[in-house]
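sequence unknown, structure follows:
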């Protein structure tokens, strides 16, 4: 987390000094989310996911497991995909983009459009995480990051030609869909990547 | 895993009409109705409504396998900041009699199994509630527990009925004599571990009381049913309870019956006089929301040398809990599938000190058709008859068990079309001979079936003067596409464009409707919608001049239609084909291709239907290869309780996957001519994959899932 810079990050500081017997379990947190700054007093134990869902009414990020195992809570922090259930809000010092911040007003993000067009969802509970994950995944691929299935010696998958269905499947395997929409999710991502 | 397996069978011809249809479906411009809300994160699920003053509840599961709670040290926690209440059997509101004993929560000190909820902590924040729940000290008097296993257990008994009201035992002819004299005999026993539904949205509810009325946002497959049950438990008239299940993050049967979250949240809200929100933690779901029970299935088939079956026995041993009897009806599909003049289909069950099984996608069919279809593959090998041809040779004229004619039976066409699309013809039947490097490749086929079920439903249809229409009923869209398909049914009956029809569903305040389950939602709700809209169309036609300002409304109820006994055996059918690679070094099975063809009456919404089929097939892949659950005898509870240990398929597990269907006209169903599609996709998939694994490696493995540890001892790199 090094590229957010001082201007868009958040500040956390402890209120009430350093009393030993009853340390204040809360902090003031300033979070930049979808372009808006939110100043909150939060229990230090509050995850970024619970901050979004319970304090900011941004319920697009879903709680599927609360243990970083399902990906339903995926959001972008500093442009990278993370499981927001595994991040404490007080440690979050880079700008956050959630599913609610992807569309440009009424114009859906190309991945959102492709998910609709390919019916890449059923119950919809994993969908915001899938889409946020796919946004960052396409950036990773474009930046040439290799995956487990990238053949050795290949310069990553920066070339869209190299972003095969198998590459997409591998790179999207941190997001579980129990309805089984994977086949359509891969189609949707391929479509959006073109 | 390395990639690019050599093609073992030719690809389906490009010109094939089904393939072209497939491409057309993908371009279907009529998108899923709620897709916009779901891709923007604006669809709100049960825990995403926060009334002012809402508190957070966290349940506390029992840590012993059997016994009684002797002390709940709530006082220690109540002194903590933020903790509002600790509910247990000592102070929780008394409930009326629970028809479903798994809902008699916090009523007695009894612990019937580990994971059973013994307390509920309510606090001002989720963090405070969770910490207090973690710290709550509970003392137990433990008793010796019986975790099974069921096979050979002295407590096994033959239940009167299995799930779905099917008789536990059916016999025709003289199985033993016919089997003994058959030219070819297959006698094989198949097992599978428990499987867990694990919908992505954990079971959640938000409840509040206002003026003696209860409102609950609940993650359920049927708001009407939950409303009725809550009214009974809290002993109040139904009209004072409202249950909303507008968006539901999957259920797969686990939300088909009311679950603890709705009862616990309502109790806590009543106790404290404030709204309470509760989402069951993922790791607790395995013990409290049902699961597919583990089964041991013995299948015996006696046939002549041409593979024609004369004797068929399917005998199932399974388990339930001491809380209630649930019997996975795995022997039931054998009563429908094949010619079998001499037959025995039976269930035996034992009640153990373990979590209570329940519905998981295609209960009975998914488990039973794994065993039956694997046994059919063994018969194919034993007789040397091609597996597709073997099934065609055993097509019955009437349903073997009931003697009734089939209203339609598309199995032969599904098999033939699937074989063509998959490139089955010319398959080399020899097992274990297709090796490329470290990998062995094989193909397999299995049949699918699911009964046509129907429940009474009601609906209203309204025509407004501005030319729009509103259809209302308490249906639930758990991801099946109910909003989309009901709008289509309404538009067709009204003869108006679908865009003019709005569908309001997901609340018990709407006209009474059955749950989304048994693949019966579209048929049950759709018939009521069709009937209401047909009546409305008549009213509009009879009306002269512009519609009155309040519009016209028609109401319909299908109690009479749904109650009619049909003289036909009504089932959906399908055929599934799989190609697998087995890595002889790691023991890993990778599915390369999966293709299903289904016969489900008239398909009403092509796009959402396809998604249902491929979704079911994907879950079937998990059943075959990844979803393993261990019942720990020390605790009488499941060991794999989270998504890091219970492996549902991920994207990398799922290959190119095709679902097709045949056009099936069946006049004996309902106004739309539809059968159910939500469950048949999972039926037969595991057998097709397991049969392909046998074809690949030449060893018959009869225990699901086929994880590497089970394969490795049989492989030579």
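The structure has been received and is ready for your questions. Bear in mind the structure is a predicted one, so any value in this text is a computation, not a measurement. Residues are numbered from 1 along each chain as shown, chains lettered A, B, ... in the order given.

going forward, measure contacts between C-alpha atoms and count neighbours the same way
Noted.

what's the span of stretch B:156-167, first residue to last?
Taking Cα to Cα, to the nearest Å as the measure, stretch B:156-167 stretches 17 Å from start to finish.

Buried ones in it, by neighbour count?
If you call a residue buried by 16 or more other Cα atoms under 10 Å in any protein chain shown, then stretch B:156-167 has these buried ones: B:156, B:159, B:161, B:162, B:163, B:167.

tell me the SS of residue B:209?
Taking DSSP: H, G, I helix; E, B strand; the rest coil as the rule, one finds residue B:209 in the strand state.

Might one say that it is in contact with residue B:269?
Yes. Residue B:209 lies in contact with residue B:269 (Cα atoms under 8 Å); the separation is 6.7 Å.

quick one, what contacts residue B:401?
Applying Cα atoms under 8 Å, 6 or more residues apart in numbering or on different chains, one finds that residue B:401 lies in contact with B:170, B:172, B:335, B:336.

center of the chain, which residue is that?
Here I'm looking at chain A. residue A:75 (1.7 Å; Cα atoms, centre = their mean).

Now do the same contact list for it.
With contacts defined as Cα under 8 Å, 6+ apart, residue A:75 is in contact with A:61, A:81, A:82, A:83, A:84, A:96, A:97, A:98, A:99, A:129, A:132, A:133.

can you do 7 Å?
The neighbourhood of residue A:75, defined by Cα atoms under 7 Å, 6 or more residues apart in numbering or on different chains, consists of A:81, A:82, A:83, A:84, A:97, A:98, A:129, A:132.

filter those to the buried ones?
A:81, A:82, A:83, A:84, A:97, A:98, A:129, A:132.

which ones among those residues are found in strands?
With DSSP state E as the criterion, strands contain A:81, A:82, A:83, A:97 from among the buried ones among the contacts of residue A:75.

Residue ranges of each domain in chain A, please.
Following automatic domain parsing, chain A resolves into domains at A:5-100, A:110-193.

Look up phi and psi at the residue nearest to the centre of chain A.
phi -130, psi 170 (degrees, to the nearest 10).

separation between the closest residue in space to it that isn't next to it in sequence and residue A:76?
With Cα to Cα, 6 or more residues apart in numbering or on different chains as the measure, residue A:98 is the residue that lies nearest to residue A:75, at 5.1 Å, once sequence neighbours are left out. From residue A:98 across to residue A:76, the span is 6 Å (Cα to Cα).

what's the answer for residue B:542, then?
Counting by Cα to Cα, the gap from residue B:542 to residue A:76 is 57 Å.

who's more crowded, the two?
The residue with more neighbours, out of residue B:542 and residue A:76 and counting by other Cα atoms under 10 Å in any protein chain shown, is residue A:76; that gives 23 against 9.

OK, now which residue of the stretch 351-500 of chain B is nearest to chain A?
As assessed by Cα to the nearest Cα, chain A sits closest to residue B:479 within the stretch 351-500 of chain B, at 3.5 Å.

How about the stretch 501-650 of chain B?
Here the stretch 501-650 of chain B gets closest to chain A at one residue, residue B:615, 4.0 Å apart by Cα to the nearest Cα.

For that residue, which non-adjacent residue is closest in space?
Once its chain neighbours are removed from consideration, residue B:615 has its nearest residue in residue A:180; the separation is 4.0 Å (Cα to Cα, 6+ apart).

next one: phi and psi at the one you found?
Summarising the backbone geometry of residue A:180 under the convention degrees, to the nearest 10, its torsions are phi 80, psi 50.

you'd agree the residue of the stretch 351-500 of chain B closest to chain A is up against residue A:120?
No. Look at residue B:479 against residue A:120 with Cα atoms under 7 Å: they stay out of range, at 11.2 Å.

before we move on, back to that, which of the buried residues of stretch B:156-167 fall within strands?
Applying DSSP E to the buried residues of stretch B:156-167, the entries found in strands are B:161, B:162, B:167.

pLDDT added to the residues you listed, as a markdown table?
As requested, those are exported to a markdown table (pLDDT from 0 to 100):
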| residue | pLDDT |
| --- | --- |
| B:161 | 98 |
| B:162 | 98 |
| B:167 | 98 |
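
For the longest helix seen in chain B, what is the distance to the chain centroid?
The helix that spans the most residues within chain B, counting by DSSP state H, is helix B:521-542. Distance, stretch centre to chain centre, for helix B:521-542: 28 Å (Cα atoms, centre = their mean, to the nearest Å).

now what about that helix, what contacts it?
By Cα under 7 Å, 6+ apart, the list of residues contacting helix B:521-542 from outside reads B:454-461, B:475, B:482, B:486, B:489-490, B:493-494, B:513, B:515, B:553-558, B:670-671, B:674-676.
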